[in-house]
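Chemist: quick one, fold the following:
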Amino acid sequence: MVFFFSKDKKLPRSLKDDYDEIMSLFKRCDANNDRRLSWDEVKAGFRELQSRWPAYRAQRAFQMADRNGDGYINEKELDELVKYALECYKGKRKN
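Modeler: Numbers count the residues shown, from 1 in each chain. As a prediction, this is how the structure comes out:
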């Protein structure tokens with residue numbers, strides 16, 4: 001699990017490692033295994049990322065990633081969700 005504020009990291013992580021880990025985290029949040037993420041599932045992902053405002057982050061994520069406007073983040077849109085999550089925490093991570 002990704003913890004951006006952890007103090008006990010021994011080695012610096014690469015952005016690719018973070019991308020892969022966040023992608024995996026959001027895929028695990030697909031509670032009903034329908035291969036798309038609902039707003040609640042995205043919010044749960046931001047909770048796991050220890051966001052102070054997971055509901056706000058989920059709302060913004062949908063504005064950024066839900067390209068077809070169906071109210072879900074599908075597999076094609078997941079990349080944009082992960083990029084948004086990385087942008088949220090850029091510079092705030094401690095290695």
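
Chemist: how about the contacts made by residue 68?
Modeler: The neighbours of residue 68, taking CB atoms under 8 Å, 6 or more residues apart in numbering as the test, are 74, 77. Using the backbone N, CA and C atoms, a C-beta is placed for each residue, glycine as well.

Chemist: so which strand or helix has it?
Modeler: Using DSSP states H and E, residue 68 falls within no helix or strand.

Chemist: can you read off the pLDDT for it?
Modeler: Residue 68 carries a pLDDT score of 96 in this model.

Chemist: separation between it and residue 34?
Modeler: The span separating residue 68 from residue 34 equals 15 Å under the rule CB to CB, to the nearest Å.

Chemist: can you check residue 72 too?
Modeler: Distance of residue 72 to residue 34, computed by CB to CB: 8 Å.

Chemist: tell me which strands and helices the longest helix along the chain is in contact with?
Modeler: Among the segments of the chain that qualify as a helix by DSSP state H, the longest is helix 15-28. With contacts defined as 3 or more CB pairs under 8 Å, 6 or more residues apart in numbering; DSSP states H and E, the secondary structure elements packing on helix 15-28 are helix 39-48, helix 78-89.

Chemist: isn't residue 51 up against residue 88?
Modeler: Yes. Using CB atoms under 8 Å, residue 51 makes contact with residue 88 at a distance of 7.4 Å.

Chemist: can you list residues touching both of the two?
Modeler: With CB under 8 Å, 6+ apart, residue 51 and residue 88 have common neighbours residue 57.

Chemist: so which bits of stretch 58-70 are buried?
Modeler: Neighbour-count burial for stretch 58-70, counted by 16 or more other CB atoms under 10 Å, picks out 58, 61, 62, 64, 65, 66.

Chemist: quick one: which of those residues sit in helices?
Modeler: In helices, defined here by DSSP H, the members of the buried residues of stretch 58-70 are 58, 61, 62, 64, 65.

Chemist: dump those residues into JSON lines; add pLDDT as well.
Modeler: Output for these, formatted as JSON lines (pLDDT from 0 to 100):
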{"residue": "58", "pLDDT": "97"}
{"residue": "61", "pLDDT": "97"}
{"residue": "62", "pLDDT": "97"}
{"residue": "64", "pLDDT": "95"}
{"residue": "65", "pLDDT": "97"}
